[in-house]
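Student: Provide a 3D model corresponding to the input given below.
(2 chains)
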Amino acid sequence: MKKSSNTLRKITKTYFPCLLVTAMFIICQIMITTNAMPRTTKSMLVPVCVYIVMAVSLNLTVGISGELSLGHAGFMSIGAFSGVVIATYTREVFGFSEPAQLLSALVIGGIMAGIMGVIIGIPVLRLRGDYLAIVTLAFGEIIRNILNCIYISLDGNKLHFAFNNNDIPGTQILRGPTGVTSVEKIASFLAGFLLVLFTLLVVINLIHSRSGRAIMAVRDNRIAAESVGINVTGFKLLAFVTSAFLAGMGGALFGLNYASLTPANFSFNASILILVYVVLGGIGNITGSVIAAAVLYILPEELRGFADYRMLAYAIVLIAVMLITNNARIKAFVNSIFKKNKAKGGEQA
Amino acid sequence: MSTFLSNLISGVSLGSVYAIIALGYTMVYGIAKMLNFAHGDVIMIGAYMCFVMMFNLNTPAFVGVLIAMAVCTLLGITIERLAYKPLRQATSLSVLITAIGMSYFLQNLAQLIWGANPKSFKSVIPSGGLSLMGGSLKISYVTIVTIIASVLIMVVLTLFVNHTKMGKAMRCVSEDRGAAELMGVNVDLTITVTFAIGSALAAIAAVLMCSAYPTLKPTTGSMPGIKAFTAAVFGGIGSIPGAMLGGILLGVIEILGKAYVSSELGDAFVFAVLILVLLVKPTGLLGKKIHEKV
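Tutor: The predicted structure is shown next:
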């Protein structure tokens, strides 16, 4: 009896982010049905889901695998644009229903980003530390530059691709620097929630698997891990590609939530924004990423009352949080409270 | 031939600006082991200061440049003392996020003060230029001044680092901060001086850059900042000659790539070359080899 309650507690602890997200989803749904949610907040639900997916997937690279990546928005953009193209294609050619379009867009968007992850990961993961960071930054910029030159059009049942040349037959879907316009917005909050749940399950199960332990061993001590026979590059690549795949899915959902989207939406600053969520949520902490992404996405929107001072306030909050969490005195203070609680808990048990 | 030469020269000129900015990145990285993402925005503030002095207060150009340098130096020191110094013991990611926060802060501050609309910066250097090869090759004065200024800065900085007491302290701190502290080097002062020098150089780079490309916005500094950072890594981050070499090569590659490959893909070309170099030499062109101890 005691054993089973322990297992249950363990499972609850492991899958806590999933439970949290489900609870948040139910609360939001209740608020929507009772009309308690303002329209502006309602329009933020899908982007919040997308950014949770982005933050959790980046946390897999930065926190679990320990590689600083500054090009996460690159994968997002690949997912977004391939997702929009696939959704349009399946609608026009196969006459798919909306959920089927969305599903195929998410899967293909994820796969495209995953393929890019393999292409980038194989050379890049040989580098270390800041060099890896700058190369991921470079790849993010290259992806954006190349997307600026790609034109895709649909002519009957055929997709046409062109590079740096807008002279292709049929209706153009992707138009270089103009990106995609008049997209049918088929992303829904339910789809966003399911994607978040899927991402969390993938990441949590990966972390708690044999592979996950290998990835963390590589992070903590590469040489020791290698000496016990762990395939360092292989496991780094596994984490990187999974992260890219999930980012691609998030991107596809993001792309199908807006009427128009340009490659400029996925600049270096977008990558940095996601990294900020991960760091403020706690590196390697999945629940933290979920909360930070949700709060920090909504915060600047809700600060609109400050108008021009909005981003200034955001910047100050960012710096202040970093200074406060790294202050030795405050840390000691928090630790002392934490220890007291722990000691009390010990006595009770 | 003359088009190629003129492209090459404008590449060297753009590269010189990158090199001056990259010096700031590389010195700070070498000594404080942090990526100062706010450096690009210090450049932007420098350009705005020079703009205000010259066009709102009508001072002569050299006063504008000096004031810009002074303000940037002060700004660099203030940022270092307020935001980075409390984080000396923190993880590198916390410092990185603080630097990003600082960068947002400066950009938004500039937007509040000067507005988001681009301002047109008038060159501090007389327009016109030299005509060579019977008029087929024109080199503007801006280009010449930029190249001369960067060479001068390089020489002075090398002399400073190699032959003064402070320079010696900098080299010590970059090699082993703990040991330097034990030997009586004032580490905090050394880091502050590094920030001051880097920021003053950023002001010079700002004026030269805006003289050649005369639009000024709150985001003016970010792209050159990223590229200069790339240049610093390209040459081997932490190495002063490396930053110079990396900057100039990057400028030449960018201009030649834009001229002969594709004008849209110029930036992609720069980053692709960077990746290729790092794959062959993982610590950059002039970077030191890292020996791994087990």
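Student: count of neighbours near B:S127?
Tutor: 10 (other CB atoms under 10 Å in any protein chain shown). Bear in mind the C-beta positions are built from the backbone N, C-alpha and C, glycine included.
Student: again but with A:A328, I slipped
Tutor: The local packing count at A:A328 equals 10, with neighbours defined by other CB under 10 Å.
Student: list the contacts for it?
Tutor: Listed by CB atoms under 8 Å, 6 or more residues apart in numbering or on different chains, the contact set of A:A328 reads B:Q89.
Student: what pLDDT does it get?
Tutor: Note for A:A328: predicted pLDDT of 75.
Student: ok, the one 5 residues further on next?
Tutor: Confidence per residue is given as pLDDT, and for A:F333 that number is 79.
Student: report how many residues lie close to it.
Tutor: By the criterion of other CB under 10 Å, A:F333 has 11 neighbours.
Student: for the stretch 201-349 of chain A, which segments count as helices?
Tutor: A:210-220, A:222-227, A:232-255, A:268-281, A:286-302, A:310-325, A:328-348 (DSSP state H, counting those that start in this stretch).
Student: can you check which helix is longest in the chain?
Tutor: Going with chain A. Longest helix in chain A, counting residues (DSSP state H): helix A:98-124.
Student: my question was about chain B, not that one.
Tutor: Secondary structure of chain B per DSSP H: the longest helix is helix B:2-32.
Student: could you pull up phi and psi at A:R175?
Tutor: phi -120, psi 70 (degrees, to the nearest 10).
Student: name the residues of the stretch 101-250 of chain B found near chain A, please.
Tutor: Within the stretch 101-250 of chain B, the positions lying close to chain A (CB under 8 Å from any CB of the partner chain) are B:101-102, B:104-105, B:107-109, B:111-112, B:222, B:226, B:229-230, B:233, B:237.
Student: please redo it, this time with the cut-off set to 6 Å
Tutor: Proximity of the stretch 101-250 of chain B to chain A (CB under 6 Å from any CB of the partner chain) is limited to residues B:101, B:104-105, B:108, B:112, B:233.
Student: returning to what we had before: and the longest helix of chain B, how far from the chain's centre?
Tutor: Offset of helix B:2-32 from its chain centre (CA atoms, centre = their mean, to the nearest Å): 8 Å.
Student: what's the first helix or strand after that helix?
Tutor: helix B:39-51 (DSSP states H and E).
Student: packing partners of the helix or strand just after that following helix?
Tutor: Later in the chain than helix B:39-51, the nearest helix or strand by DSSP H and E is helix B:61-79. Applying 3 or more CB pairs under 6 Å, 6 or more residues apart in numbering or on different chains; DSSP states H and E, one finds that helix B:61-79 contacts helix B:39-51, helix B:187-212.
Student: quick one, which of those helices gets closest to B:Q89.
Tutor: Closest approach to B:Q89 among those (CB to CB): helix B:187-212, 12.4 Å.
Student: can you list the neighbours in contact with the helix or strand following that closest one?
Tutor: Following helix B:187-212 in sequence order, the next helix or strand is strand B:215-216 (DSSP H and E). Here strand B:215-216 makes contact (CB atoms under 6 Å, 6 or more residues apart in numbering or on different chains) with B:47, B:51, B:118-119, B:121, B:210.
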